[in-house]
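In: pasting the structure only:
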Ligand code: FEO
């Protein structure tokens, strides 16, 4: 992809990663992009780099706009490897550049690179840098996504370069929200936002709310939000901010997700009438078999729904390994404002359903009890119990939804 102008000499000079499907263990079926930006002003400024594998791509993009040695400033908004590892290849081309980052970024980045030859300047929230006609304002956003993170606001152009925040894992020839909605769909864009938030930012909801409030209090006008992944928000930057506020509040759809795994299809046979009961109670229900689905997909669907039922057979008195792995992943993401129940088959001794409830209670989520267990294989009577279990869960989800 060639550079794309966002506004008045502010260019996207990043790389589209069409092929990545495993992003540090997180499945990215849509690929992703590593966005970085070049501002051509009296003192040309590069904001962020890209993943090392794409260093040549961003260097080529930069060279189509300017001789890199003329770049005077390099801003590192975030040091995670997907944004900073190309800096080792970039810096030798920009020997006159001063590099701006937070103190935490410096401490972390020097674990990766020999920075002794760099002219590094540490910046704090509220500090500014004049690069000619423009002023850059730095705002630290610790833990969004890493402790080092900050965002850069281009005052005169009202552009917020937001690193991971407001990003999505999308590889596309479209750079902007309006373009993407035309060539794909609004649903797909929204789904990618949910996916990114659920798998990466879910634990930081209260920080996100506080940071957005802080930015709004500053009265910054924002016409474009340019994240370090995916689509740039120029048509409706307010929409993504509102989506983040809603997700940070724990907003969810009034529907249900069933996430299950199965050994000999008995737990699977329970899931079907349960889903029917949920549907007949008027709620939509997605059914996800965990062993054939990505954990990140299941987490996204969990997060989108107000209610989730987790189904697992018992194996060695515990839940099935894929379910155990899912629960461990969920624990780290610290979800809230969700209601969860459990079901499953067992042979001579149960354990899976109890283990799931123990985990859900540790998370402090609303619990729908008792769970439903069936020995060996569901009979017709058991299938009827499953159906009623689904109906009862849907009713409870609807009630709970009104309290949030
Ligand atoms: Fe896209 Fe936290 O890195």
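Out: It's in. Quick caveat: nothing in here was measured; it's all calculated off a predicted structure.
In: Show me what stretch 157-165 is in contact with.
Out: Contact partners of stretch 157-165, identified using CB atoms under 8 Å, 6 or more residues apart in numbering, comprise 6-8, 10, 37, 47-48, 77-78, 80, 83, 134, 141, 144-145, 149-154, 200-201, 208, 215, 220-229, 237, 244. Bear in mind the C-beta positions are built from the backbone N, C-alpha and C, glycine included.
In: make it 6 Å
Out: 7-8, 10, 37, 47, 77-78, 144-145, 149, 151-153, 221-228 (CB atoms under 6 Å, 6 or more residues apart in numbering).
In: can you check stretch 359-370 too?
Out: By CB under 6 Å, 6+ apart, the list of residues contacting stretch 359-370 reads 327, 338, 339, 340, 341, 393, 396, 400.
In: tell me how far the ends of that stretch are from each other?
Out: 15 Å (CA to CA, to the nearest Å).
In: Name the residues of it that come out as buried.
Out: Using 16 or more other CB atoms under 10 Å as the test for burial, stretch 359-370 gives 359, 360, 363, 365, 366, 367, 368.
In: Just the buried ones out of the contacts of stretch 157-165, please.
Out: Going by neighbour count (16+ other CB under 10 Å), the contacts of stretch 157-165 have 7, 10, 37, 47, 77-78, 144-145, 149, 151-153, 222, 224-228 buried.
In: So which of the residues you listed reach the ligand?
Out: Among these, the ones lying near the ligand by CB under 6 Å from any ligand atom are 78, 145, 228.
In: these two touch, right, residue 318 and residue 351?
Out: Yes. With contact defined as CB atoms under 6 Å, residue 318 reaches residue 351; the gap is 5.4 Å.
In: Settle it for me: which of the two has more neighbours?
Out: residue 351 (18 against 15; other CB atoms under 10 Å).
In: What residue, apart from its backbone neighbours, is nearest the more buried one spatially?
Out: residue 317 (3.8 Å; CB to CB, 6 or more residues apart in numbering).
In: so how many other residues sit close to that neighbour?
Out: With other CB under 10 Å as criterion, residue 317 counts 13.
In: Determine the three-state secondary structure at the residue most central in space within the chain.
Out: Centroid-nearest residue in the chain: residue 196, 2.0 Å away (criterion: CA atoms, centre = their mean). Secondary structure, DSSP: H, G, I helix; E, B strand; the rest coil: residue 196 is helix.
In: how near is residue 114 to residue 85?
Out: 14 Å (CB to CB, to the nearest Å).
In: Revised request: answer the last question for residue 373.
Out: 49 Å.
In: Check what pLDDT residue 216 gets.
Out: pLDDT recorded at residue 216 is 87.
In: Equivalent analysis for residue 25, please.
Out: Reported pLDDT for residue 25: 87.
In: what helix or strand is residue 162 on?
Out: Using DSSP states H and E, residue 162 sits within strand 159-163.
In: Let me see the mean pLDDT of that strand.
Out: 97.
In: Check which strands are paired with that strand and give the direction for each one.
Out: strand 150-154 (antiparallel), strand 224-227 (parallel) (DSSP bridges).
In: Sounds good, over and out.
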